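**Q** What would the 3D arrangement of this be:
(chains A and B)
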Amino acid sequence: MLQIQNIRENQESIITALKKRSIDAEPMISKVLELDEKRRSIQTELDATLAESNKLSKEIGMLFKTGKAQEANVLKEKTAGLKEASKKLGEDLNTTADELQQQLYLIPNVPHESVPAGNSEEDNEEIFKEGDIPTLSQGALPHWELAKKYDIIDFELGVKITGAGFPVYKGKGARLQRALIAYFLDKNAEAGYTEMQVPLMVNEDSGYGTGQLPDKEGQMYHVQADDLYLIPTAEVPVTNLHRGDLLAESDFPIKYTGYTPCFRREAGSYGAHVRGLNRLHQFDKVEIVRMEHPNNSYQALDEMVEHVKNILRELKLPYRILRLCGGDLGFTSALTFDFEVFSTAQDRWLEISSVSNFETFQANRLKLRYKDENGKSQLAHTLNGSSLALPRVLAGILENYQTDEGIKIPDVLVPYCGFDTID
RNA sequence: GGAGGAAUGGCAGAGUGGUCGAAUGCGGCAGUCUUGAAAACUGUUGAGGGUCACACCUCCGGGGGUUCGAAUCCCUCUUCCUCCGCCA
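**A** Coordinates of the predicted model:
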């Protein structure tokens, strides 16, 4: 959520920047400013009314104390009108403030200056590419065929017990999953991220805090009996750990990592792109989250990008990094780098990590602030990234490491797996 | 699930109708002393709205009510604690 004060002061530049998302924000912004003005004028009127009745109440108190009950009763009558007026104004204020809030929820984050304009993923900028694309033998298979051939992932079994998009990992497949999780967590811990185990269900406030609500209401599983949401990513519970906090500058940087399953309804997805592990309702992910001083957040973002690069280098997977264009940028993000692994057998790039700086957008909703050197409260910056999303890393490994003798396990994972080939 | 108790500033903890945005202690910050630090002493220190700046307004878990006036009384929700039951 953008700060209203920021909108008031930088109306023009915000509208210009939002054009990169291919949206015309002008109507939303003017509506917001109109409501803001209305809210403030009601507030001013209400304040004056309340000031008046506070004053009278004090006088009445004094009069009773000094035994002048009669005079007090005269004043009492005067307060009745004020009371009615302030009640009415209070209601107006609530309605207007609420409307303003709803309107603010609709405006996406302002893209960073480096974000290219664009409508879709076609306009994303490839900024880095590394790793050798292997030459596979004639009969190379996509991962869902490999999964069946070696009996390591069973999609049908998942359908039986839950439904499509809930695979069952078996034997070495399950072990490889666990190995990847442990390896990622270890790498993150090494880089100074504190490991957290967090709830997999969150309440409504948390959903609003990181911006999944109200924007992506339909994408989360909602447990209605208890009004809780299954997390679509660890970002939600981990970032919300500091909801409402007022930090000291010395608390920065705050660096967390966490492994969680992620649940996504993926309403509206279909076709070849959802085959196999490409798109699931439940998948595992290791996430990194940072809370930073605004002056350092872009340096932190670079560090996170470097960190993910290192992991992919160690796994020896061919990958590239994209700078997302305005049209592909998430609602809450100011700047996002996507990592994609090349899946040789499918001959396509698969997104495996998304590293973003949200600047103050989430912090504003979270009320996540710190005291600056002048003792003033300021909003912190929040960032997060996947390091990494399991299914597509797994897909990449299966497809790129397949040989006639079976699937080789990347060297760094062998100690975690306890075997070096799936055959 | 049943019965009681509680929720106050960064933390602990007073406050049961006006003089309370709130005692006191700890912590934080600044200063005195000191080569420096510690200790001691002195001062200072909640958040949000509003304003050029003041004024002013709001906030004592959330919401509602009583009253001229609510941290304080009433209703309701949430959370925590104690006891009982159940249980991995």
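
**Q** and the closest residue to RNA strand B within the stretch 251-400 of chain A, bridged to which residues?
**A** Nearest to RNA strand B in the stretch 251-400 of chain A, going by Cβ to the nearest atom of the strand, is A:Ser377, at a distance of 3.1 Å. Bear in mind the C-beta positions are built from the backbone N, C-alpha and C, glycine included. Beta-bridge partners recorded for A:Ser377 (DSSP bridges): A:Lys371.

**Q** what about it, neighbour count?
**A** When counting by other Cβ atoms under 10 Å, one arrives at 11 neighbours for A:Ser377.

**Q** what does A:Asn295 give?
**A** Per other Cβ under 10 Å, the neighbour tally for A:Asn295 reads 10.

**Q** Do you know the pLDDT at the residue of the stretch 251-400 of chain A closest to RNA strand B?
**A** Per-residue pLDDT puts A:Ser377 at 84.

**Q** correct me, but it touches A:Lys367?
**A** No: in this structure A:Ser377 lies outside contact range of A:Lys367 using Cβ atoms under 8 Å: 9.5 Å.

**Q** where do the contact lists of these two overlap?
**A** Counting by Cβ atoms under 8 Å, 6 or more residues apart in numbering, A:Ser377 and A:Lys367 have no shared contacts at all.

**Q** wait, what's in contact with A:Leu398?
**A** A:His143, A:Leu146, A:Ala147, A:Ile407.

**Q** Can you work out which other helices and strands pack against the helix or strand containing A:Asp92?
**A** Taking DSSP states H and E as the criterion, A:Asp92 maps to helix A:69-105. Counting contacts by 3 or more Cβ pairs under 8 Å, 6 or more residues apart in numbering; DSSP states H and E, helix A:69-105 is packed against helix A:26-65.

**Q** pLDDT weak spots in chain A?
**A** Counting by pLDDT under 70, chain A contains low-confidence residues at A:268-274.

**Q** Stretch A:72-79 near RNA strand B at all?
**A** Yes: Stretch A:72-79 is in contact with RNA strand B by Cβ under 7 Å from any atom of the strand, via A:Lys76, A:Thr79.

**Q** what's the offset of that stretch from the middle of its chain?
**A** The chain centre lies 55 Å from the centre of stretch A:72-79; the measure is Cα atoms, centre = their mean, to the nearest Å.

**Q** could you dump that stretch to PDB, C-alpha only?
**A** Listed next in PDB are the C-alpha coordinates belonging to stretch A:72-79 (Å, rounded to 0.1, in the frame of the first residue of the first chain):
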ATOM      1  CA  ALA A  72     -23.400  22.800  35.800                       C
ATOM      2  CA  ASN A  73     -26.800  21.500  34.700                       C
ATOM      3  CA  VAL A  74     -27.100  24.500  32.300                       C
ATOM      4  CA  LEU A  75     -23.800  23.500  30.700                       C
ATOM      5  CA  LYS A  76     -24.900  19.900  30.500                       C
ATOM      6  CA  GLU A  77     -27.700  20.800  28.200                       C
ATOM      7  CA  LYS A  78     -25.300  22.500  25.900                       C
ATOM      8  CA  THR A  79     -23.200  19.300  25.500                       C
END
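
**Q** Report the contact partners of A:Asp132.
**A** A:Pro318.

**Q** Do you have the helices of chain A handy? List them.
**A** Ranges of helices in chain A, per DSSP state H, are A:4-18, A:26-65, A:69-105, A:143-149, A:155-161, A:172-190, A:204-210, A:235-240, A:297-315, A:361-366, A:390-400, A:414-417.
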